[in-house]
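Chemist: requesting a structural model of the entry that follows:
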Amino acid sequence: MDTKQILRIFTKHHALLDDHFLLSSGLHSDKYFQCALVFEDPKIGTMLSENLALLFKDEKIDIVVGPALGGVILAYEVAKKLNARAMFTERENGVMKLRRGFKILKGENILIVEDVLTTGKSTREVIEVVNAYGGNIMGIGSLIDRRGLPWQAPTCENFPIEPKSLLKVAVNNYEPDSCPLCLKNIPLIKPGSR
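Modeler: Just a heads-up that it's a prediction; the model follows:
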């Protein structure tokens, strides 16, 4: 899939929003990718997930892990395509953990997936969980990489491997105290999941 096709999918499903948003990272933005609306159509969600999985087809992946909530369906669909197990992490008392009986064995090859990558906070938390179990991180993938330019943004410097994404897009992300949308008194919308 190319950039134009992916943007068309998000536009068609009203999943690329324009307004003043509070991202789960704490940053503000004039754009928001609501991946849940794309996954509302299982055929489209599967197609996007399969295309993401293809970026890692040459890796031997044992487990695909995504953070709840945005990475749950994505991890399942990517794992299905890669013939791997699917798991998700979730926060308990503010700390990202594997729960529900999920276990990673030492040395298992892990692919971490995320719906949208902005600052990489959730992904770094999943990396910590995988490392605590002794998993071997083989890749990091996302549907949308909105970190901005250059793609190796300083906020993601703690990643052991550069993420691969279906769509890399330069989107304005603002610190709350220097947000031009706040200065224009545009109401802030909080659509995030964290």
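Chemist: which neighbours in the sheet does the lowest-mean-pLDDT helix or strand in the chain have, and how are they oriented?
Modeler: Every helix and strand in the chain was compared by mean pLDDT, DSSP states H and E; the lowest is strand 173-174, with a mean of 86. If you go by DSSP bridges, strand 173-174 pairs up with strand 28-33 (antiparallel).
Chemist: just the CA trace of the strand it pairs with, in CSV.
Modeler: What follows is strand 28-33, C-alpha atoms only, in CSV (Å, rounded to 0.1, in the frame of the first residue of the first chain):
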residue,chain,number,x,y,z
HIS,A,28,-1.3,19.1,21.4
SER,A,29,-1.9,18.7,17.6
ASP,A,30,-4.1,19.9,14.8
LYS,A,31,-4.5,16.3,13.5
TYR,A,32,-5.6,13.1,15.0
PHE,A,33,-5.6,9.6,13.6
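Chemist: and it, what's buried?
Modeler: The neighbour-count check on strand 28-33 (16 or more other CB atoms under 10 Å) flags 28-33 as buried. All C-beta atoms are positioned from the backbone trio N, CA, C, and that covers glycine.
Chemist: right, and F39 touches M47 too?
Modeler: No. Using CB atoms under 8 Å, F39 makes no contact with M47, being 10.8 Å away.
Chemist: list the contacts for the residue nearest the centre of the chain?
Modeler: By CA atoms, centre = their mean, the chain has its centre lying nearest to E114, at 2.3 Å. For E114, the contact set (CB atoms under 8 Å, 6 or more residues apart in numbering) comprises 66-67, 70-71, 74, 122-123, 126, 140-143.
Chemist: now, which of those lie within strands?
Modeler: 66-67, 140-143 (DSSP state E).
Chemist: what is the nearest of those residues to S24?
Modeler: P67 (10.2 Å; CB to CB).
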